[in-house]
Each structure stands twice: as C-alpha cells, then as structure tokens.
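# what follows is a predicted protein model with its sequence.
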Amino acid sequence: MEPERKPLRRHTSFQHIPIMKIIVLLGGESAERRVSLASGEAVAQGLAARGHEVYKVDLVDPVRLVPARVPLFNEAVGERPPDLSEIPRFTPRRLAALMETLDRQRPDLAFPMLHGGMGEDGRLQAALEMVGLRFVGSGSLACGLAMNKPLAKRLFLSAGVLTPATLLVERDWLHDVAAVSEAIHGRFGFPVVVKPEASGSAVGLTIVREPELLADALKLVAGLGSQALVEPYVFGRELTVTILGREALPPIEIRPHGGVYDYYSKYTKGHTDYLCPAPLTPEQSDRVMDLGLKAHRALGCRHYSRVDFRLREDGEPFCLEANTIPGMTATSLVPKAAAAVGLTFEDLVERLAWMAME
C-alpha cells in the first residue's frame, strides 16, 4: 500500500548548510546539448550565489574546469536542436579524462545537468557510482529505466498509472512506411505521436494526423539514429508534475500557442503559457500528483523528477514519461513548480545538492 501523501507544505530555505565544492556536469553529445548547457549554467550560478565553490565541466571537454563565474554558454537555446554531426562524440577516452578530473578535484558532489544520451540514460551515473562520488539525481538503474520508454511504460502500468498504448518501430523498420502505417491502423489508428524511443526536449517529436505525413516523421527519427515510439494521440490537456524529495509539487498546465509542445514551443520565450498551479479541481490535482509520485517510485527515482501527463477530455490522466534530469532553463517547468511552493531557484538547487549529501 502506498503511504498516504501529506498535505503540500510551503517550503523555506535551508539553514546552516555547509559550503560545498560542487562540479556541475553539462553539455554532452546529445541533440539536447544546448538545453543542457543553459540548464547547467543556471544551476552553477544558483549554487554559487549561495556561496558554494562551483565549477563546470562539459563532457566533450572533460579536462577543462570552468569556474561558475566564467560563462560557457550565454545564448538562447534556439528554435531547433543542433545538428548532431557538429557535436564532438563522448568517447571512452573522454570518460577516462572526466574520471581523472573528478578524482583530481575531489568535489563533495557532482550535479549532472545532462539531457539525453549517456548523460541521462544511466551510463554517466554508473561511472559516478563506481568511483563512489555522490551526485544529484536518480541512480543509474532509474535513469536507464526512465530513458527506455517502453520498459518505463510497463512499470507505470504495474504501479496503476495509465499510459498510452505503444508501437515500437525498430531501426530497420523505419523505412517501411506502408508496414508501419498498417500496424498503426491495426493497433489504434491515427492521429499518433511519433518520437525517438530514448530522447527528450521534444527532439524528433511529430504529431501525425494523417497517414500521408507518417514518412516524414519516421525519417526525422531515423536521422537521430533512434528507434521510433508511436503512441495514439491523447486529446486533452498537457500537464506536468514535479517530484521534489518525497513530495509532488502543484501540477502545471502547458498551453503552447502553436498547439504542439515541441522544441520550439519549449525553448522560445513567449510561445507557451504555463499555468501554475494548473486550473484543476482539487480531486483532479490530487490524483495527478499521486500518479506522479507513483510513476517516480515505480522507476526508483530519487531527489527529483518531472512526470508528464495528458489529461484526456473525459478527465482520465495518462502518463507520457518521467524525466530524471529535467531542464533548469529560463523557460523550464521544475523551477516554476518550485516557485509555487515558495522556493527560489537558489533554494531549489541548494536543496537538491543537500539531498545528495544526506
């Protein structure tokens, strides 16, 4: 039986937190690199503002230790993700160099702010676990489960959390548009959502309303070197729930002006409205928060996560995914949810750092 969730309380700043040496890990090699750079810069600045000794390390240049005050990235995230061919690869040699940097610097903890790729799929977390370095966020197993969306969906269902049906399109099937279209018709019909099996920030996501548009959506996913996940489109409202520690924060409703919460809508200021707390009935709000906690626990997440939902027109919530390293940019959702319970951005990142030290 799930423990009863206590009434949400207003949060206040921590007192008497010792000064820590913290290395923020950011950048990386995925299509979400620019989002990671923006998130990592914000986290480093927030921790430094509280007096901590903070440095940044970009995973593609792991021997370079950058003080928090020196900007690595001070641009907008941009309207579209970068071309993967322009991003250096994170090789085993770079991983070894990163471990040497961390061993030489001896930080109190690492603060991963990597989105997608090996920085969020559990591989980086496994390396940190092997060397015994404390770090913020979920461990390697939970990160791997969350990034494997088909497997995560099975765990959601086992925990009593509804999630849309799924058709997994393997790489060698992506070019057989007719076969995929036939499978969609046989499973759930159009419209559908097509997205990479293991990615975030809406990179490669397409809402396909007609079969004639399927080929372009599959080609987009193929270009990312990924398998495709196809789900029936859930008509309704877009919601997200932040989990902080053992609590669910107030749900946020997301209303993109263009109708689709894609990469452009996520990271272009003024193109999406965020309602926090979401205009829900108390019963709806409590239910979505409880389901968010169940999804978080089903994956074994710790410290924090963000769980995304579609609230169907009949009021039934469907969990889309859980994010183990959610964004911390100027338009990100976790800081907005934290602000709704009285936490400044500096409060939030320092609280996460302290959770990792407990």
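Arrived safely. Residues are numbered from 1 along each chain as shown.

# now do the phi/psi pair for L25.
With angles defined as degrees, to the nearest 10, L25 sits at phi -100, psi 130.

# quick one: residues contacting it.
By Cβ atoms under 8 Å, 6 or more residues apart in numbering, L25 lies in contact with 40, 56-57, 59, 98, 110-114, 119, 124. C-beta: built from backbone N, CA, C; applies to glycine.

# what does L167 give?
Contacts of L167 by Cβ under 8 Å, 6+ apart are 180, 183-184, 187-188, 229-231.

# please redo it, this time with the cut-off set to 6 Å
For L167, the contacting residues are 183, 187, 230, by Cβ atoms under 6 Å, 6 or more residues apart in numbering.

# partners of it in the sheet?
Applying DSSP bridges to L167 gives these bridge partners: V230.

# where along the protein do the strands fall?
Using DSSP state E, the strands of the chain run over 21-26, 53-58, 66-67, 109-112, 167-169, 192-196, 206-208, 228-232, 236-244, 247-248, 252-256, 272-275, 304-312, 317-323.

# pairing partners for the first one, with directions?
Read it as strand 21-26. Strand 21-26 is paired, per DSSP bridges, with strand 53-58 (parallel), strand 109-112 (parallel).

# of the contacts of L167 - the most surrounded one?
V230 (24 neighbours; other Cβ atoms under 10 Å).

# got the contact list for that one?
V230 neighbours (Cβ under 6 Å, 6+ apart): 167, 192, 194.

# just the closest of the contacts of L167 to V203, please.
Set against V203, the nearest of the contacts of L167 by Cβ to Cβ is V230 (16.1 Å).

# now the helices for the stretch 101-250 of the chain?
123-130, 140-147, 149-158, 177-187, 214-222 (DSSP state H, counting those that start in this stretch).

# and G245, which of the ones you listed is closest to it?
Per Cβ to Cβ, nearest to G245 of these: helix 140-147, 14.8 Å.

# what does that closest one rub up against?
Under Cβ under 6 Å, 6+ apart, the answer for helix 140-147 is 120-122, 125-126, 129, 151-152, 198, 299-301, 322, 324.

# swap in stretch 326-346?
Contacts of stretch 326-346 (Cβ under 6 Å, 6+ apart): 10-11, 35, 38-39, 42-43, 46, 49-50, 240, 242, 249-250, 252, 267, 274, 276-277, 306, 348.

# can you point out the buried residues in that stretch?
326-329, 331-341, 343, 345 (16 or more other Cβ atoms under 10 Å).

# which ones among these map onto helices?
Cross-referencing those against helices under DSSP state H gives 333-340, 345.

# which pLDDT value belongs to the closest residue to L98 other than its chain neighbours?
Distances taken as Cβ to Cβ, 6 or more residues apart in numbering place P62 nearest to L98, at 3.7 Å, with adjacent residues excluded. Listed pLDDT for P62 reads 94.

# for the residue of the chain most remote from its centre, list the residues it contacts.
For the chain, the residue at maximal distance from the C-alpha centroid (Cα atoms, centre = their mean) is A178, at 32.4 Å. By Cβ under 6 Å, 6+ apart, the contact set of A178 is empty.

# and it, how far is that from I184?
Distance of A178 to I184, given as Cβ to Cβ, to the nearest Å: 11 Å.

# ditto for Q105
50 Å.

# so for these two, which residue has more residues nearby?
The neighbour comparison of Q105 against I184 (other Cβ under 10 Å) goes to I184, with 21 against 13.

# outside of stretch 50-66 itself, which residues are in contact with it?
19-28, 44, 47-48, 67-68, 72, 88, 90, 94, 97-98, 101, 346, 350.

# how does it look with 8 Å?
Residues contacting stretch 50-66 (Cβ under 8 Å, 6+ apart): 17, 19-29, 37, 40-41, 44, 47-48, 67-68, 72, 87-90, 94-95, 97-98, 100-101, 105, 107, 114, 119, 124, 346, 350, 353.

# on that earlier part again, intersection of neighbour lists for A178 and I184?
With Cβ under 8 Å, 6+ apart, A178 and I184 have no common neighbours.

# which helix or strand in this protein has the lowest average pLDDT?
helix 263-267 (a mean of 72; mean pLDDT, DSSP states H and E).

# coming back round to it: any chance of the strands of the chain in JSON lines, plus mean pLDDT?
Listed next are those as JSON lines, based on pLDDT from 0 to 100:
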{"stretch": "strand 21-26", "mean pLDDT": "98"}
{"stretch": "strand 53-58", "mean pLDDT": "97"}
{"stretch": "strand 66-67", "mean pLDDT": "96"}
{"stretch": "strand 109-112", "mean pLDDT": "97"}
{"stretch": "strand 167-169", "mean pLDDT": "92"}
{"stretch": "strand 192-196", "mean pLDDT": "91"}
{"stretch": "strand 206-208", "mean pLDDT": "91"}
{"stretch": "strand 228-232", "mean pLDDT": "93"}
{"stretch": "strand 236-244", "mean pLDDT": "97"}
{"stretch": "strand 247-248", "mean pLDDT": "97"}
{"stretch": "strand 252-256", "mean pLDDT": "94"}
{"stretch": "strand 272-275", "mean pLDDT": "93"}
{"stretch": "strand 304-312", "mean pLDDT": "97"}
{"stretch": "strand 317-323", "mean pLDDT": "97"}
